[in-house]
Structure formats: structure tokens, C-alpha cells
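Trainee: With the input below, show me the fold.
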Amino acid sequence: MRARRPELAVTPGGALLVAAALFFLDDETLISLVAAAFFHEAGHLFALAVLGVGVARVRLTLTGAEIVLAEEAVSYADEIVCALAGPAFGAAAAFLFSAFGFYTAAGVSAALTVFNLLPVWPLDGGRALLALGRLALGQERGEKVCFFASLAAAVSLAAAGLLLRWGALPIIFGLWLACRTCKNLADDVK
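Mentor: Residues are numbered from 1 along each chain as shown. Take a look at the predicted model:
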């Protein structure tokens with residue numbers, strides 16, 4: 001039986017992300033970002049394929065690509081593997097780009113990897129933390145730990161951006177991730 005192809009979709013936020021990238025990035029950085037994102041998402045898709053988990057949809061959102069699984073539930077251990085596979089492929093890509101002299105691509109891939117490993121849901125580090133928390137502490141306590149860790153990491157990113165004068169991007173991302181974390185909590189309470 002032939003596997004069904006996943007649906008591809010672009011949200012309004014995804015369109016905004018593409019427009020901003022086309023407007024603000026030079027050609028080398030844009031190509032590097034696309035290559036880094038490709039390897040990152042390929043890591044997730046590879047892990048899902050190895051584990052036999054189907055993909056229903058791949059959506060481009062304001063935060064990048066979002067993979068929606070065909071199955072409702074995978075084990076917590078599988079979720080951890082799938083969440084960390086993207087950053088693992090991204091780190092390997094950064095190493096390979098650097099080895100072949102593509103330093104901009106290596107830097108972009110490394111930055112994307114580090115950002116995605118932040119323990120903030122819905123980033124990969126937060127997804128892995130949530131699955132690990134649920135596995136070790138049970139569903140309810142694991143979710144509470146993930147919520148507070150996500151909120152602390154997001155606020156810390158914004159504060160570091162402000163206090164260390166890293167520029168507007170870490171502040172914006174930190175505040176946006178903090179709002180997203182609080183929205184997820186509000187959705188869970190309903």
C-alpha cells in the first residue's frame with residue numbers, strides 16, 4: 001500500500017516569514033537559511049520515517065515549518081527522538097557546511113540549531129522537555145514543569161536581549177515565545 005503524501009500548507013504567518021526573509025536577507029544568507037531549515041526538517045522527517053510515524057501535514061508558520069503527525073499519539077520516547085532529530089541534523093549540517101567552507105550556512109545552521117534547542121514549547125527543546133516531563137513525572141506534572149521552564153526560558157531570552165544589548169530580535173522572540181506559552185496554558189485550561 002502506498003503511503004499518502006502529506007498536505008503542504010502556508011499560514012499567513014508563514015507568508016509573512018517568507019516575505020520578511022526575502023526583504024531583509026541578502027542572497028547568501030537567504031540560501032543559507034533555506035539550506036539550514038531543509039536539513040533541520042529533514043532530520044525530523046527521517047526520524048518519523050524510521051519510527052514508522054506518518055505525516056499528515058507540513059505547514060509553514062511564523063516560526064518555520066510545523067509537522068503535523070497522521071497518528072494522534074506517539075510514545076514519549078519517540079517524541080523525544082523526533083524532536084531532537086531536527087537539531088541533530090542541523091548540527092551535522094553546520095559541521096559539514098563549515099568543513100566545505102560555507103561559513104555563512106554553517107553559522108545559520110548552528111544558530112537555528114541552538115535556537116530550536118531552547119527549552120520553550122513549541123520549539124524542539126520544549127517538545128523534548130514536555131515529553132521527558134510526561135514520561136518521568138506523569139502527564140499533568142510534566143506539563144506544569146514544561147510550562148514554567150518554557151516561560152522562564154522565554155522571559156530570560158527577552159531579558160538577556162535587553163540587558164546584554166543583543167538587539168531587538170532576541171527581545172521580540174523571547175516575548176513572543178512567552179506569550180505563546182501563556183496562550184497554550186489558557187487553551188489547556190478551557
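Trainee: Show me the protein divided up by domain.
Mentor: As recorded under automatic domain parsing, the domains making up the chain are 1-117, 118-190.
Trainee: Would you format those domains as JSON lines with mean pLDDT and mean neighbour count included?
Mentor: Bear in mind the C-beta positions are built from the backbone N, C-alpha and C, glycine included. What follows is the domains of the chain, written out as JSON lines (pLDDT from 0 to 100; neighbours: other CB atoms under 10 Å):
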{"stretch": "domain 1-117", "mean pLDDT": "90", "mean neighbour count": "16"}
{"stretch": "domain 118-190", "mean pLDDT": "85", "mean neighbour count": "17"}
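Trainee: Show me the residue at the heart of this structure, geometrically.
Mentor: Nearest to the geometric centre of the chain sits L123, at 3.7 Å (CA atoms, centre = their mean).
Trainee: wait, doesn't that one sit right on F115?
Mentor: Yes: the pair L123 / F115 is scored as a contact, 7.1 Å apart, by CB atoms under 8 Å.
Trainee: Let me see the contact set for the residue nearest to the centre of the chain.
Mentor: With contacts defined as CB atoms under 8 Å, 6 or more residues apart in numbering, L123 is in contact with 63, 115-117, 177.
Trainee: Taking the residues you listed, tell me the two that lie furthest apart.
Mentor: Spatially, the most separated pair among those is T63 and L117, at 14.2 Å (CB to CB).
Trainee: residue ranges of the helices in this protein, please?
Mentor: 12-24, 27-51, 76-99, 103-116, 124-137, 139-163, 168-189 (DSSP state H).
Trainee: Looking at the ones you listed, which is nearest to A70?
Mentor: Nearest to A70, of the helices of the chain and by CB to CB, is helix 27-51 at 9.5 Å.
Trainee: which residues are in contact with the closest one?
Mentor: By CB under 8 Å, 6+ apart, helix 27-51 touches 21-22, 25, 54-55, 58, 64-65, 67, 69, 74, 78, 81-83, 85-90, 92-94, 97, 102, 104-105, 107-109, 112-113, 116.
Trainee: Next, the angle helix 124-137 makes with it.
Mentor: 30 degrees (axes from the mean of the first three to the mean of the last three CA atoms, to 10 degrees).
Trainee: Please list all residues in contact with the closest residue to F173 other than its chain neighbours.
Mentor: If the residues on either side of it in the chain are set aside, F173 comes closest to L157, at 6.4 Å by CB to CB, 6 or more residues apart in numbering. Shown in contact with L157 (CB under 8 Å, 6+ apart): 118, 120, 170, 173-174, 177.
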